[in-house]
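Chemist: Structure for this input, please:
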Amino acid sequence: MTPSIRLSAAVLFALSSSASAAERVDLLIRHANVIDVVDGKTRADQAIAVRGERIVAIVDDAKAKRYEAGQSVEAEGKYAIPALWDMHVHFGGGDKLIEENKNLLPLYVAHGIAAVRDAAGDLSPSVFEWRDAIAAGRLDGPTIFTSGPKLEGYKSIWPGDIEVGNAAEIAKALDRLQGWKVDFVKITDNTLSPDLFLDALKQAHARGLRASAHVPFNLTIDAVSAAGLSSIEHIDYAYKAGSPQEAEIGAMVARGEIDSREGWNRIQASFDEDTARAAYRRLAKRGTAVTPTLNGSFVTTYLDRDDHRGDAYLRYIGPGLQATYAWRVERAAKDDAAAIERRHQRYERSAAILPLLQSSGVSILAGTDAGFLNSFNYPGIGLHDELQRFVDNGLTPLQALQAATINGARFLGQERLHGRLAAGKAADIVLLDADPLRDIAATRRIDTFVLRGKVHDRKALDAMLEEVRTKVAAQSAAKAAP
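Modeler: The predicted structure follows:
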């Protein structure tokens, strides 16, 4: 006969408590509408559990009782998206502007941006220092992916470049860049010969380095893509591929028979959609992405309609950085009515290919070109302006969101942890007051930003902006002092 077993009340309570013990997490976001930027679906009434810097689960909120959280955020009526990435920024303007450039870092965080891709300037030593300090938790700011100094030919007009004149110097430059652990290589076309440009691409590609570039006029987009170009920076270079006469017009410019302005006129006059679609499909097949940087072009294109001198956002931009804006402003002011119309047409025609790139399968990267030199193209808010330009020119809000989230993560090989909201991914989460799939302008309405698992509510984000404003005011006063 089996003896009866009696358990004490204390043992029963212990067993019951053990069976129902909640899982400890650091943060629990309750009742959120979670947007999957990959498939475009929104899951209502979700709980997002975070431990450390990772999402451990996203579940129906009814199951949230399984978690015991150190901190909870109520997100009823809010929309959760992955943090944004700005895939083309600049830090520069000379050593005197190091602190003004450093002031830009909280502007990105205050606008829901978890990562930026620095596409070269003349402050690379400082950028390397900030990158490492942010990664180590010693400095607040977005994760920085950087090219370091870009490759150019001798006597480049751009300060901070590594100037090369032969294949051996290219190899030595790439050795230096790899020693600095750059995330990609930037190559531009000011004085670098087309042959060396192609050699630099091929050498970088052979080393497994991603390469981004401005493309020399007399090289076809097809040729540089085939040589290993990872991304085309600025949409007008991609536009060039839509002309059946691209190679011929480029050769005429190279021989000095026409200048580059006339070359662009002929490219535009001969643009053919079927030619463009075939070219863009080849880019997509090879994995060559495009970073359109529409907003920066838009601002300078339409300076005749808005001079931006009264922009409220200037309160966050240091006086030295503002002074660098004068170059483009003064250049645009020299244009007569015919030149102004030409620049309007060039912008509008270039921007119009955005849906064609998208439908052809090209990965579009959202990047602002913000920083020094690029007039009134503001770090932080500029990415939201860029997304609006994307939608204004034919992308859906989802496609625009993808360009600022998953596409950037994939381009940099970071998609295992970044780019979407899911268990195991980084806890970089933006809570919005409205649905960005209905209106992309909703990305501006940030209620809370969770960056690396740390919660920044609206009050904290506003405090970041105020701190920058105070620093800029002090810098402006110091500059104005006799």
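
Chemist: State the helix or strand in which the nearest residue to residue 40 once chain neighbours are set aside lies.
Modeler: Using CB to CB, 6 or more residues apart in numbering and skipping the chain neighbours, the partner closest in space to residue 40 is residue 398 (4.6 Å). To be clear about C-beta, it is placed using only N, CA and C from the backbone, and glycine gets the same treatment. Element membership for residue 398 (DSSP states H and E) is helix 397-403.

Chemist: C-terminal to that helix, what's the next element?
Modeler: helix 406-411.

Chemist: Quick check: what element follows that following helix along the chain?
Modeler: Beyond helix 406-411 in the direction of the C-terminus, DSSP H and E gives the next helix or strand as strand 429-432.

Chemist: helices and strands around that next one, which ones?
Modeler: With contacts taken as 3 or more CB pairs under 8 Å, 6 or more residues apart in numbering; DSSP states H and E, strand 429-432 sits against strand 23-35, strand 79-82, strand 446-451.

Chemist: I would like the residues contacting the shortest one, please.
Modeler: Just to be clear, that refers to strand 79-82. 29, 32-35, 37, 42, 46, 48, 401, 405-406, 418-421, 425, 428-436, 442-443 (CB atoms under 8 Å, 6 or more residues apart in numbering).

Chemist: where does residue 177 land in three-state SS?
Modeler: Reducing the assignment to helix, strand or coil with DSSP: H, G, I helix; E, B strand; the rest coil, the entry for residue 177 is helix.

Chemist: show me what contacts the residue nearest to residue 359 when sequence neighbours are not counted?
Modeler: Leaving out its chain neighbours, the residue that sits closest to residue 359 by CB to CB, 6+ apart is residue 277, at 7.9 Å. When contacts are counted by CB under 8 Å, 6+ apart, residue 277 is found next to 356, 359-360.

Chemist: follow-up on the earlier one: put together CSV for the helices and strands packed on strand 429-432, with distance to residue 209 on each row.
Modeler: CSV is the format used below for those (distance: least, CB to CB, whole Å):
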stretch, distance to residue 209
strand 23-35, 33
strand 79-82, 26
strand 446-451, 28
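
Chemist: Check the ones you listed for me and report the most buried one.
Modeler: Compared across the helices and strands packed on strand 429-432, strand 79-82 shows the largest average neighbour count, a mean of 26 (mean count of other CB atoms under 10 Å).

Chemist: Given it, what are its sheet partners and their directions?
Modeler: On the basis of DSSP bridges, the sheet neighbours of strand 79-82 come out as strand 23-35 (parallel), strand 429-432 (antiparallel).

Chemist: For residue 77, which of the ones you listed is the nearest?
Modeler: strand 23-35 (7.9 Å; CB to CB).

Chemist: any idea how far that closest one is from the chain center?
Modeler: Its chain's average C-alpha position is 26 Å from that of strand 23-35, according to CA atoms, centre = their mean, to the nearest Å.

Chemist: what is the mean pLDDT for it?
Modeler: For strand 23-35, mean pLDDT is 98.

Chemist: could I get it in PDB with only the CA atoms?
Modeler: C-alpha atoms of strand 23-35 as PDB (Å, rounded to 0.1, in the frame of the first residue of the first chain):
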ATOM      1  CA  GLU A  23      11.400  36.100 -15.600                       C
ATOM      2  CA  ARG A  24      13.500  39.000 -14.600                       C
ATOM      3  CA  VAL A  25      14.100  41.700 -17.300                       C
ATOM      4  CA  ASP A  26      15.500  45.200 -17.100                       C
ATOM      5  CA  LEU A  27      12.800  46.800 -19.200                       C
ATOM      6  CA  LEU A  28       9.200  46.000 -20.300                       C
ATOM      7  CA  ILE A  29       7.500  48.100 -22.900                       C
ATOM      8  CA  ARG A  30       3.700  47.500 -22.600                       C
ATOM      9  CA  HIS A  31       0.800  47.700 -25.100                       C
ATOM     10  CA  ALA A  32       2.900  48.800 -28.100                       C
ATOM     11  CA  ASN A  33       2.000  48.600 -31.800                       C
ATOM     12  CA  VAL A  34       5.100  46.900 -33.100                       C
ATOM     13  CA  ILE A  35       6.000  47.500 -36.800                       C
END
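
Chemist: now the angle from it to strand 446-451?
Modeler: Strand 23-35 and strand 446-451 meet at an angle of 130 degrees, taking axes from the mean of the first three to the mean of the last three CA atoms, to 10 degrees as the criterion.

Chemist: Contacts for the helix or strand that comes right after strand 23-35 next, please.
Modeler: Elements were assigned by DSSP H and E; along the chain past strand 23-35, the next helix or strand is strand 42-51. By CB under 8 Å, 6+ apart, the residues outside strand 42-51 that reach it are 23-36, 55-64, 67, 69, 79-80, 421, 427, 429, 435, 437, 450, 453.
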